[in-house]
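A.B. asks: Dropping a prediction and its sequence here:
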Amino acid sequence: MKLAASIVVSVVLTATFCFVIWVVASHEYDWKAIAPYEGNMFSGWLTTLLISVVALLLSTVIGGLLTVGQLAGHAYPKLLARIYVEFIRGTPLLTQILLGYYLIADSIGWDSRFGVGLLILSCFSGAYLSEIFRAGIESIPKSQWLSAKAIGFTEAQTYRYVVIPQAIRRVLPASAGQFANLIKDSSLLFVISVHEFTMQAREANANTYATFEAYLPLIVGYFALTFPISLLSRHLEARFAYEH
């Protein structure tokens, strides 16, 4: 049964992939139309790369702090962290970017589109990472906590030597997916005129009407940013693998 299902899935996926490649390859493209914009698009890709790297680091820190708040023994920080996470996850990123820049940042005189966009993107992703981290920690069996306590570990030692090493492997797939989403979500920063990859492609398309020629490079560019994350995640999963 499993073999038959595997064969069917393999055939369907292969056929779909081949069909898509055939459709894309058979189209006639006018790459000369966007040739003058190659420099701008590469510059936009570098901007997206910079945003992605910094946002990945910052969102991880934010997610970690929110996780500490959610797991805190006191009700007040737990409530604040919970409200933040639910609000961020329950509202569209596009709305957060618009309100964050044109309303909040403008009210305090912060006019850096890049900086505001980077912070909003990090705060948004941090809320999702917080839930991933929290779920990973809470998934550790109670027996592990009790065993650590029985051998005299402090709470900090329990987290460092027992909980976190096991939780890391459990949260890696979901975290890698969120990191990939963060990179793709950075394309929404065009609404506040951050000159990232997608905005440069939109400008090339608007000036040349070469839609496919302008947007197909986005597939390659974003894949070049997200695929290494997938590879790194699988490498770390293997490294943190434990016998059960």
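C.D. replies: Looks like it came in fine.
A.B. asks: Off-centre distance for the longest helix anywhere in the chain?
C.D. replies: In the chain, with assignment by DSSP state H, the single longest helix is helix 38-70. Between the centre of helix 38-70 and the centre of its host chain there is 8 Å, according to CA atoms, centre = their mean, to the nearest Å.
A.B. asks: now swap in stretch 201-213 and tell me
C.D. replies: 26 Å.
A.B. asks: now swap in stretch 53-73 and tell me
C.D. replies: 14 Å.
A.B. asks: Would you mind listing the buried residues in it?
C.D. replies: Neighbour counts using 16 or more other CB atoms under 10 Å place Ala55, Leu56, Leu58, Ser59, Thr60, Ile62, Gly63, Leu66, Thr67, Gly69, Gln70, Leu71 of stretch 53-73 among the buried residues. Where you see a C-beta, it was placed from the backbone N, CA and C, and this is true even at glycine.
A.B. asks: Just put those in JSON lines and tack on pLDDT.
C.D. replies: As requested, the buried residues of stretch 53-73 are exported to JSON lines (pLDDT from 0 to 100):
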{"residue": "Ala55", "pLDDT": "96"}
{"residue": "Leu56", "pLDDT": "95"}
{"residue": "Leu58", "pLDDT": "97"}
{"residue": "Ser59", "pLDDT": "97"}
{"residue": "Thr60", "pLDDT": "96"}
{"residue": "Ile62", "pLDDT": "97"}
{"residue": "Gly63", "pLDDT": "96"}
{"residue": "Leu66", "pLDDT": "95"}
{"residue": "Thr67", "pLDDT": "94"}
{"residue": "Gly69", "pLDDT": "91"}
{"residue": "Gln70", "pLDDT": "90"}
{"residue": "Leu71", "pLDDT": "88"}
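A.B. asks: Out of the residues you listed, which comes closest to Ser130?
C.D. replies: Leu66 (3.6 Å; CB to CB).
A.B. asks: any idea what sits nearest that closest one, other than its immediate chain neighbours?
C.D. replies: Spatial nearest neighbour of Leu66, chain neighbours left out: Ser130 (3.6 Å); criterion: CB to CB, 6 or more residues apart in numbering.
A.B. asks: That neighbour and Leu99, how far apart?
C.D. replies: 21 Å (CB to CB, to the nearest Å).
A.B. asks: and those two? which has more neighbours close in?
C.D. replies: Ser130 (27 against 13; other CB atoms under 10 Å).
A.B. asks: Give me the pLDDT value at that one.
C.D. replies: pLDDT for Ser130: 96.
A.B. asks: Check Leu49 too.
C.D. replies: With respect to pLDDT, Leu49 has a value of 96.
A.B. asks: Can you give me the buried ones in stretch 135-152?
C.D. replies: So, applying 16+ other CB under 10 Å, buried residues of stretch 135-152: Gly136, Ile137, Ile140, Trp145, Ala148.
A.B. asks: Which residues lie in contact with the second one in this structure?
C.D. replies: Contacts for Ile137 were tallied using CB atoms under 8 Å, 6 or more residues apart in numbering; they are Thr67, Leu71, Val163, Ile164, Ala167.
A.B. asks: repeat for the fourth one
C.D. replies: Taking CB under 8 Å, 6+ apart as the contact definition, Trp145 lies against Thr158, Val162, Val163.
A.B. asks: Can you point out the helix or strand that includes the residue lying closest to the second one once chain neighbours are set aside?
C.D. replies: Take Val162 and drop its neighbours on the chain: the residue closest to it by CB to CB, 6+ apart is Ala148, 4.6 Å away. Here Ala148 sits within helix 142-150, counting by DSSP states H and E.
A.B. asks: Which pLDDT value goes with Leu182?
C.D. replies: For Leu182, the model assigns a pLDDT of 95.
A.B. asks: can you check Met1 too?
C.D. replies: 66.
A.B. asks: And for the one 10 residues further on?
C.D. replies: Looking at Val11, its pLDDT is 86.
A.B. asks: hmm, who's touching the helix or strand harbouring it?
C.D. replies: For Val11, the host element (DSSP H and E) is helix 2-26. With CB under 8 Å, 6+ apart as the test, helix 2-26 has contacts from Leu216.
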